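[1] Give the three-dimensional model of this entry:
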Amino acid sequence: MPIAKRYLNNPILLPLKSHSWEAEEVFNGCPVKDGGKIHLLYRAMSNKKNIFGAEMNVSSIGYAIGKFQKPFTNRRQLIKPGDDWDKYGCEDPRATKMDGKYYIFYTALSRYPFTADGIKVGVGVTRDFRTVEKHQVTTFNSKAMALFPEKINGQYAAILTANTDQPPAKIALAFFNEEKEIWSKRFWNNWYKNIDKYKINFNQPESDHIEMGAAPIRVKEGWLLVYSHIRNYFRGNPTFEIRAVLLDAKNPAKIIGRSDSALLVPEESYEIYGKVPKIVFPSGAFIEGDNLHVYYGAADTVCCAARFILSDVVKDLLATPETAFSLKRYEKNPIIKPNPKHPWEAKATFNAGAIYEGGKFHILYRAMSADNTSVLGYASSQDGLTIDERLPQPVYIPREDIEKKGVPGGNSGCEDPRLIKFDNRIYMLYTAFNGVTPPGVAITSIDRDDFLARRWNWEKPELISAAGKDDKDAVLFPEKIRGKYYIIHRLNNGLDIHYRDDLNFTRNELSEETGWIEPRPGKFDSRKIGINGAPIKTKYGWLALYHGVSDEDGSYRFGALLLDLENPEEILARTENHIFEPVKDYEKNGQVHNVVFSCGSVLKDGTIFIYYGGADTTLSVATVSLKKLLAELRHSCRACFW
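    All right, here's what the predicted structure looks like:
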């Protein structure tokens, strides 16, 4: 999903203590672009008032006017409670201009304490944002309604969310032959009886909640709808996301493009802290050139906005597995499969480190026996794709207590090797696991000449991660940076970076958790992340591939990072979308389903060869042009000038 560029002047609207009607919160703003001006409608929350005997904060609809990324001024209360059907509050306006009129739909509250049957939709119609004609619209529990900005097949068209407080919520369409049907009780009573006929099928999980966001925007490809998707809403610990879909131009009930990634999730302090923490809620949008501007409420406290490249958004929504950017699989994958004739590699052969030396690709792969002991096997290739040699015996086996089997039949051994050469030695970092204590990072090395001659004289391994800590997926940068050795490793669920003067770990271990790079809610890497192979040096920065696991489906996917050459702690870019995911049967079915996992990449003649395990069972290879991957990363780069 394209990168979100939040407005520099966020929050764009703050509560105003001198106005009692908007003294507490101002949020969920909806812009209406009118030439060089922007009319802003927003939900305003008053200080405590006595309303029909109840002490409560009351919502009304505020109005302000401004210009693009300039302060909004002339703030005043535009729509306030007064009728029986909205006497306890007017919330969350969505405004559309049609035929010289502005239709401002809002949530109308008629009961307190609030109940589902007292939450409906109202509308205010105005030509000048001064005189407003109000109507009750729906007759059932509903929120978040907006009019399409033009007729569809000769009819007025609206989109709304029904049953918001009587889940499951349904985003649905309504069509009207004339304006007065918009607030016709007869129309809505009949409509609600047949609601499933009008709903848009978002196919959200039962644990999730959806709600219409901004009024639909016409783009060349169809109708762009920005909406709210709340993951795990009914399970606890919800994640609020802003997402988008493309609807068919003539039949907007049909979704023609979508992405499972969020446009925006709570990340900034003003989105995380407020009246209701960790909320971003879309309430309006407009297009200016190739920019999509999305307005949203943050933490139910302030109004904010973010900008996206429209063409990138549309491209992402229309992407298919065939058209989306992806590494290219070798057509003869898997390149290494378990060998039942060799007990040490009879169960699985996967997760390989790789290095190019002496005119060959050298591959050290993790192999598992029937009793779940992991050792390392060796294979080589001239072209990086076809295996020319595969040794009949393992080249590295468990030797120390940190990796010897502690539980009969349990997982143990030497796992997931990553290789790098310094001077005339090849260093290997791997995961050491005995099945009793948490897995840790071990380091060993071998003389380059011995390695090439198949003399497996490995140094005694050292555990370099803190004892008792779940630490793995460690890799060295391939050269010193500012005189230091840099190491990336995964402690718990995120990536940490560590630097040191030497590779002698007898004096101290890897650093404690720093939270350098963390999982991202709402994206393919929302649960945990780990580094793949050694970073690759380019003129633009260090290119590092990594894997991410999704909270949504538990699948492993690849992403990419670009790190500053002189200060690799500085992240220049991180792909918003995955660049590789399980698709083939050998990636989806095996010891662990839906896994692609890499420990080694080699850059050769402008092509990156990525060796990866599929479903923790077999080893495969994929390739990508360095130039193309850097171009893809550029879309996510906050500080690149190339």
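
[2] which stretches of the protein aren't confidently modelled?
    1-2, 506-508, 511, 637-642 (pLDDT under 70).

[3] Residue nearest the middle of it, spatially speaking?
    residue 523 (1.7 Å; C-alpha atoms, centre = their mean).

[4] Enumerate every residue touching it.
    Taking C-beta atoms under 8 Å, 6 or more residues apart in numbering, we find residue 523 in contact with 1, 261, 262, 265, 548, 550, 576, 577. Using the backbone N, CA and C atoms, a C-beta is placed for each residue, glycine as well.

[5] and those as JSON lines, adding distance to residue 115 and secondary structure?
    Formatted as JSON lines, the contacts of residue 523 follow (distance: C-beta to C-beta, whole Å; DSSP: H, G, I helix; E, B strand; the rest coil):
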{"residue": "1", "distance to residue 115": "37", "secondary structure": "coil"}
{"residue": "261", "distance to residue 115": "35", "secondary structure": "coil"}
{"residue": "262", "distance to residue 115": "31", "secondary structure": "coil"}
{"residue": "265", "distance to residue 115": "30", "secondary structure": "coil"}
{"residue": "548", "distance to residue 115": "42", "secondary structure": "strand"}
{"residue": "550", "distance to residue 115": "36", "secondary structure": "coil"}
{"residue": "576", "distance to residue 115": "40", "secondary structure": "coil"}
{"residue": "577", "distance to residue 115": "41", "secondary structure": "coil"}
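
[6] Go through those residues and name the one nearest residue 192.
    Using C-beta to C-beta, residue 262 comes nearest to residue 192 of those, at 30.5 Å.

[7] For burial, what's the neighbour tally of that closest one?
    Close neighbours of residue 262, defined as other C-beta atoms under 10 Å, add up to 23.

[8] That one touches residue 244, doesn't it?
    No: assessed by C-beta atoms under 8 Å, residue 262 is found out of contact with residue 244, at 9.3 Å.

[9] Residue 471 - nearest residue in space that isn't next to it in sequence?
    The shortest distance from residue 471 to any non-neighbouring residue, by C-beta to C-beta, 6 or more residues apart in numbering, is to residue 465 (3.6 Å).

[10] Over to the one you found. Which of the three states is it?
    Secondary structure assignment for residue 465 (DSSP: H, G, I helix; E, B strand; the rest coil): coil.

[11] what's the distance between it and residue 491?
    Look at residue 465 and residue 491: by C-beta to C-beta, to the nearest Å, they are 8 Å apart.

[12] okay, and the common contacts of these two?
    Shared contacts of residue 465 and residue 491 (C-beta under 8 Å, 6+ apart): 471, 510.

[13] Help me confirm that residue 180 is found in a helix?
    Yes: applying three-state DSSP, one finds residue 180 inside a helix.

[14] Is residue 419 bridged to anything, and to what?
    Note on residue 419: beta-bridge partners by DSSP bridges are residue 428.

[15] ok, the residue nearest to residue 515 when sequence neighbours are not counted to residue 86 distance?
    The spatially closest residue to residue 515, leaving aside those adjacent along the chain, is residue 494, at 6.0 Å (C-beta to C-beta, 6+ apart). Distance, residue 494 to residue 86, using C-beta to C-beta: 46 Å.

[16] swap in residue 254?
    From residue 254 to residue 86 the distance is 34 Å (C-beta to C-beta).

[17] repeat for residue 352
    According to C-beta to C-beta, residue 352 and residue 86 sit 64 Å apart.

[18] Settle it for me: which of those two has more neighbours?
    Per other C-beta under 10 Å, whichever of residue 352 and residue 86 has more neighbours is residue 352, with 32 against 26.

[19] hang on, that one is in a helix, isn't it?
    No: Residue 352 sits outside any helix when classified using three-state DSSP, being strand.

[20] Isn't it up against residue 610?
    No: Residue 352 is beyond contact range of residue 610, at 10.2 Å (criterion: C-beta under 8 Å).

[21] Going by neighbour count, list what's buried in stretch 83-103.
    85-97, 102-103 (16 or more other C-beta atoms under 10 Å).

[22] end-to-end on that stretch?
    This stretch, stretch 83-103, spans 18 Å end to end (C-alpha to C-alpha, to the nearest Å).

[23] likewise stretch 319-338?
    Stretch 319-338 has an end-to-end distance of 35 Å (C-alpha to C-alpha).

[24] Pull out the buried positions in that stretch.
    So for stretch 319-338, counting by 16+ other C-beta under 10 Å, buried means 319, 325, 326, 327, 329, 333, 334, 335, 336, 338.

[25] Distance check, the third one against residue 260.
    What that stands for is residue 326. Taken as C-beta to C-beta, the span from residue 326 to residue 260 is 15 Å.

[26] And the fifth one, by the same measure?
    Applying C-beta to C-beta, one obtains 21 Å for the distance of residue 329 from residue 260.

[27] Kindly report the same for the fourth one.
    Using C-beta to C-beta, we find residue 327 at a distance of 19 Å from residue 260.

[28] ditto for the second one
    The spacing between residue 325 and residue 260, counted by C-beta to C-beta, is 16 Å.

[29] repeat for the last one
    Applying C-beta to C-beta, the value for residue 338 to residue 260 is 33 Å.

[30] Residue 535 now?
    Noted for residue 535: a distance of 28 Å to residue 260, by C-beta to C-beta.

[31] Who has more neighbours out of those two?
    residue 535 (25 against 15).

[32] Go ahead and confirm that one touches residue 543.
    Yes: using C-beta under 8 Å, residue 535 is in contact with residue 543, at 6.3 Å.

[33] Alpha carbons of stretch 267-278, in CSV - could you do that?
    Provided in CSV are the C-alpha atoms of stretch 267-278 (Å, rounded to 0.1, in the frame of the first residue of the first chain):
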residue,chain,number,x,y,z
GLU,A,267,1.3,5.6,14.8
GLU,A,268,1.7,9.2,15.8
SER,A,269,1.3,10.5,19.3
TYR,A,270,-1.9,12.4,18.4
GLU,A,271,-3.4,9.2,17.1
ILE,A,272,-2.4,7.1,20.0
TYR,A,273,-3.2,9.4,22.9
GLY,A,274,-6.5,11.1,23.4
LYS,A,275,-10.1,10.7,24.5
VAL,A,276,-10.2,7.1,23.0
PRO,A,277,-6.6,5.9,22.3
LYS,A,278,-5.3,4.3,19.2
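
[34] Against residue 351, how distant is the nearest residue to residue 592 once chain neighbours are set aside?
    Sequence neighbours aside, residue 616 is the residue nearest to residue 592 in space, at 4.2 Å (criterion: C-beta to C-beta, 6+ apart). Distance of residue 616 to residue 351, given as C-beta to C-beta: 8 Å.
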